[in-house]
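Participant: Need coordinates for the below:
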Amino acid sequence: MAKARRQTPDARRTRGASPKATRAKRQAPAVPIRERLAAALPGALAGLVAITVVAGVIWLPRVLDQYPIRQVGVDGVTDVRRQQQVQTALASLVRDANYFSVPLEQIYQRARGLSWVSEVSVRRQWPDTVSLDVTEREPVAVWNEAVLVARDGEPFKALKQYDLAGLPRLNGPDQRLEEVMSFYHSMGKLLRDVGLGIERMEVNARLTARLTLDNQMQLVVDRENYVGKLRRFTRLYRGVLSTDSRGVARVDLRYADGIAVTWRDAEADKNA
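Facilitator: Sure, this is the predicted structure:
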């Protein structure tokens, strides 16, 4: 009798396994398309940016060159000499600039640096213009034949940029400008009440003023109670002096209780 072969447990497990199961290989799970797109997106964006940069470097200058600045418009400047000074001052800043690159801040600083400019605003105006709106200093006098004095009392150098006809000439110690201007405004207001204006005023170190008026009359007045002395003069001028046929040549107001008058006829007699 044949003896049955004893099988080991491993052999039994192998025989009992499904052939299909032993041959099957485990497959990797599929990557969703959304994840694949997300992984590829940074590279695509980097390439697009690179292409854009290269195209910009090549084409942007050509595009901008189609919009050069062709003119500078200046509003608020009333004299051709000052217009020309603005144009000359800004020429180098706009010569090679285009509408997009023109340096507005530098233009503002250079225009504001002109001595006769009080305020200025700057803007672009499509397609080829830079526009400035300028507020000029208003001169009220010439000081020591060297500078102009603005309405606010500030001196500024611009003699060649203004028509000086009609501006009074004021002369005095350089360090006394503020006091001289105070005299000028106070005396001018009193004299205007009788139709007189100041053409020239010379003030010495002791602040004695010698005035030449627009009718060529001369006044001399010291600082001591000068307002009261000028009021005395305007009363006499309105009532007597303006109608006297001899004509007033010079009035000295440096007296406490009176005035000294020199007549034109008397001067003519002396020169005859």
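Participant: In terms of pLDDT, where does Val261 sit?
Facilitator: With respect to pLDDT, Val261 scores 95.
Participant: Can you report how many residues lie near Gly153?
Facilitator: As a burial measure, Gly153 scores 13 neighbours (other Cβ atoms under 10 Å). Placement of C-beta: from N, CA and C, glycine included.
Participant: Touching, it and Met181? I think so.
Facilitator: Yes - the criterion here is Cβ atoms under 8 Å, and Gly153 meets it with Met181 at 5.2 Å.
Participant: where do the helices sit along the stretch 1-150 of the chain?
Facilitator: Taking DSSP state H, counting those that start in this stretch, the helices of the stretch 1-150 of the chain run over residues 9-16, 19-23, 33-64, 80-94, 104-112.
Participant: The fourth one - contacts with which helices or strands?
Facilitator: In terms of contacts (3 or more Cβ pairs under 8 Å, 6 or more residues apart in numbering; DSSP states H and E), helix 80-94 is packed against strand 71-75, helix 104-112, strand 129-136.
Participant: which of the ones you listed is buried the deepest?
Facilitator: strand 129-136 (a mean of 18; mean count of other Cβ atoms under 10 Å).
Participant: What strands line up against that one, and which way round?
Facilitator: Here strand 129-136 is paired, per DSSP bridges, with strand 71-75 (parallel), strand 117-125 (antiparallel).
Participant: so which of those strands comes closest to Tyr162?
Facilitator: Each of the strands paired with strand 129-136 has some distance to Tyr162 by Cβ to Cβ; the shortest is strand 117-125, at 12.9 Å.
Participant: Now do the buried residues in the closest one.
Facilitator: Buried residues in strand 117-125, counted by 16 or more other Cβ atoms under 10 Å: 117-118, 120, 122.
Participant: before we move on, what about stretch 73-88?
Facilitator: 74, 77, 82, 85-86.
Participant: Among those residues, which one lies nearest to Tyr162?
Facilitator: Arg82 (8.0 Å).
Participant: which residues does the closest one contact?
Facilitator: 114, 116, 136, 161-162 (Cβ atoms under 8 Å, 6 or more residues apart in numbering).
Participant: Swap in 6 Å and give it another go.
Facilitator: Applying Cβ atoms under 6 Å, 6 or more residues apart in numbering, we find Arg82 in contact with Gln161.
Participant: before we move on, what about Tyr184?
Facilitator: Taking Cβ under 6 Å, 6+ apart as the test, what Tyr184 contacts is Met201.
Participant: Just want the phi and psi numbers for it.
Facilitator: Recorded main-chain torsions at Tyr184 are phi -60, psi -50, according to degrees, to the nearest 10.
Participant: For it, give its distance to Pro173.
Facilitator: Distance of Tyr184 to Pro173, computed by Cβ to Cβ, to the nearest Å: 14 Å.
Participant: Would you mind giving the domain segments of the chain?
Facilitator: When the chain is parsed with automatic domain parsing, its domains come out as 71-136, 168-271.
Participant: Where does the prediction get shaky in the stretch 51-200 of the chain?
Facilitator: 51-66 (pLDDT under 70).
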